[in-house]
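> sharing a model prediction with you, sequence too.
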Amino acid sequence: MHQTPSSKKPLLAIVGQTAVGKTALSLALAQQFQGEIVSSDSRLFYRGMDIGTAKPSPAEQAIVPHHFIDICDLDETLTLGEYQEKAYRVIDDCHQRGKLPMLVGGTGQYFKAVVEGWGIPRVPPQPDLRAALEKIDRLELARWLAVLDPQAAVAIHPHNTRRIVRALEVTFVKGIPISTLQAKSPPPYDMFVIGLDRDRADLYRRIDGRVDQMMKAGLLDEVQALLDQGYNWQTPAMSGLGYRQFQPYLDGVCRLADAVEKIKTETHRFARQQNTWFRRDDERIHWFAADTADLIHQVERHVQAWLAEKTS
């Protein structure tokens, strides 16, 4: 049966666990299909955090345009709502210039905020209101939320005080339940989402090898340089994976080898969390085995067929 061409603009996405091989595939596809990479990896936002985040190298970034890399200092915050708004602008700009936007990364929240059109309340923190709410018994706060926003109360665990306080904060400031403000509004894109997967043991070997390479490339010096610039372990970005694990070593309470091993084991755990997150989205994602010998050609064929459907 002949399919009616879609009038929606295309958005290609590549997701998967850390170290699975997203960067190499995205570079190949971007060159093949006139693409530009829109990073959805929040760790890449920060200037000076290059080695520990496995940031694409300057040479790799020179091959195709990249967006959302090196856009913040460590003490700056790009909220999920701000990222979503900026990402839509970049994607639309790519379309206007005849380029294929490619959303690439492993931060599930940032990916889904874009592809699902999450409603994200634009309510800045209210310190006085938060302080007052945090003095109230946790179960009493949960009861308040159940009355004011039953839908949010069902979605938030009654022991998650931080999220309950935020839900109440938004509801009080806006006068509208947070669940109403969070209603999804899918963006007007025709999306093709590629997921990369690997055998867990193979992925762990890749993670461990990458951490070893990071150490050879000067990861410890990078961490020390950031501390020397005046950042500290309370700086939110410094709490990230691959950085905070050095604190015990630099404080003189563990060996360097122990810190490196901690990075590896915590990255394994993070990869498992990523897998759980993305597997919830199996209906949307087209999965490919990352260790397939002709992976790039396989994926290219699928992307070509998807793009052809839009014009046939």
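Looks like it came in fine. Numbers count the residues shown, from 1 in each chain.
> who are the contact partners of Q32?
Shown in contact with Q32 (C-beta atoms under 8 Å, 6 or more residues apart in numbering): 300, 303. Heads up, the C-betas are built off the backbone N, CA and C, glycines and all.
> any idea how far it lies from P188?
25 Å (C-beta to C-beta, to the nearest Å).
> the chain: helices as residue ranges?
Remark: helices assigned in the chain by DSSP state H are 22-32, 58-63, 80-96, 108-115, 127-134, 138-148, 150-155, 161-174, 178-181, 200-217, 219-228, 247-250, 256-279, 295-311.
> how about the residue nearest the centre of the chain, phi and psi?
Geometric centre of the chain, nearest residue: T107, 1.9 Å, by C-alpha atoms, centre = their mean. Phi and psi for T107, reported as degrees, to the nearest 10, are phi -90, psi 100.
> my read is that it contacts F45, right?
No. Counting by C-beta atoms under 8 Å, F45 is not a contact partner of T107; they are 9.9 Å apart.
> tally up the residues packed near R206, please.
For R206, the tally of surrounding residues (other C-beta atoms under 10 Å) stands at 19.
> wait, S185
By the criterion of other C-beta under 10 Å, S185 has 9 neighbours.
> surely V15 meets G106?
Yes. The pair V15 / G106 is scored as a contact, 6.7 Å apart, by C-beta under 8 Å.
> shared neighbours, the two?
What both V15 and G106 touch, as defined by C-beta under 8 Å, 6+ apart, is the set 22, 40.
> the two: who's more crowded?
More crowded of V15 and G106, by other C-beta under 10 Å: V15, with 27 against 24.
> how much space separates the more buried one from Q234?
Noted for V15: a distance of 31 Å to Q234, by C-beta to C-beta.
> same check, this time on R198
From R198 over to Q234 the distance is 35 Å, taken as C-beta to C-beta.
> the more surrounded of those two?
R198 (20 against 8).
> who are the neighbours in contact with the nearest residue to the more buried one once chain neighbours are set aside?
Take R198 and drop its neighbours on the chain: the residue closest to it by C-beta to C-beta, 6 or more residues apart in numbering is A290, 4.8 Å away. By C-beta under 8 Å, 6+ apart, the contact set of A290 is 16, 20-21, 25, 196-198.
> if we look at stretch 158-175, which residues are touching it?
By C-beta under 8 Å, 6+ apart, the residues outside stretch 158-175 that reach it are 121, 123, 125-126, 129-130, 133-134, 138-139, 141-142, 144-145, 148-149, 152, 156-157, 177-178, 181.
> any idea how the chain splits into domains?
9-119+185-311, 127-181 (automatic domain parsing).
> now, of these, which is deepest in the fold?
domain 9-119+185-311 (a mean of 17; mean count of other C-beta atoms under 10 Å).
> off-centre distance for that one?
6 Å (C-alpha atoms, centre = their mean, to the nearest Å).
> pLDDT of that domain, averaged?
Confidence over domain 9-119+185-311 (mean pLDDT, whole number) is 96.
> from here on, count from 9
Shifting the count to begin at 9 puts that one at domain 17-127+193-319.
> quick one: contacts for G29?
Contacts of G29 (C-beta under 8 Å, 6+ apart): 204, 206, 298, 303.
> can we see that at 10 Å?
22, 204-206, 211, 214, 296, 298-299, 303 (C-beta atoms under 10 Å, 6 or more residues apart in numbering).
> and the gap between it and V268?
Distance, G29 to V268, using C-beta to C-beta: 23 Å.
> do the same with T179
According to C-beta to C-beta, T179 and V268 sit 45 Å apart.
> please save the CA atoms from stretch 287-302 in PDB.
Extracted in PDB, the C-alpha atoms of stretch 287-302 (Å, rounded to 0.1, in the frame of the first residue of the first chain):
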ATOM      1  CA  ARG A 287      13.900  -0.200  27.600                       C
ATOM      2  CA  ARG A 288      10.700   1.400  28.900                       C
ATOM      3  CA  ASP A 289      10.500   3.100  25.500                       C
ATOM      4  CA  ASP A 290      10.800  -0.100  23.300                       C
ATOM      5  CA  GLU A 291       7.800   0.800  21.200                       C
ATOM      6  CA  ARG A 292       9.500   3.900  19.900                       C
ATOM      7  CA  ILE A 293      13.100   2.700  19.700                       C
ATOM      8  CA  HIS A 294      14.500   0.600  16.800                       C
ATOM      9  CA  TRP A 295      17.300  -1.400  18.500                       C
ATOM     10  CA  PHE A 296      20.500  -2.500  16.900                       C
ATOM     11  CA  ALA A 297      23.400  -4.700  18.200                       C
ATOM     12  CA  ALA A 298      26.300  -2.300  18.500                       C
ATOM     13  CA  ASP A 299      28.900  -5.100  17.900                       C
ATOM     14  CA  THR A 300      27.400  -6.000  14.500                       C
ATOM     15  CA  ALA A 301      30.200  -5.900  11.900                       C
ATOM     16  CA  ASP A 302      28.200  -3.900   9.400                       C
END
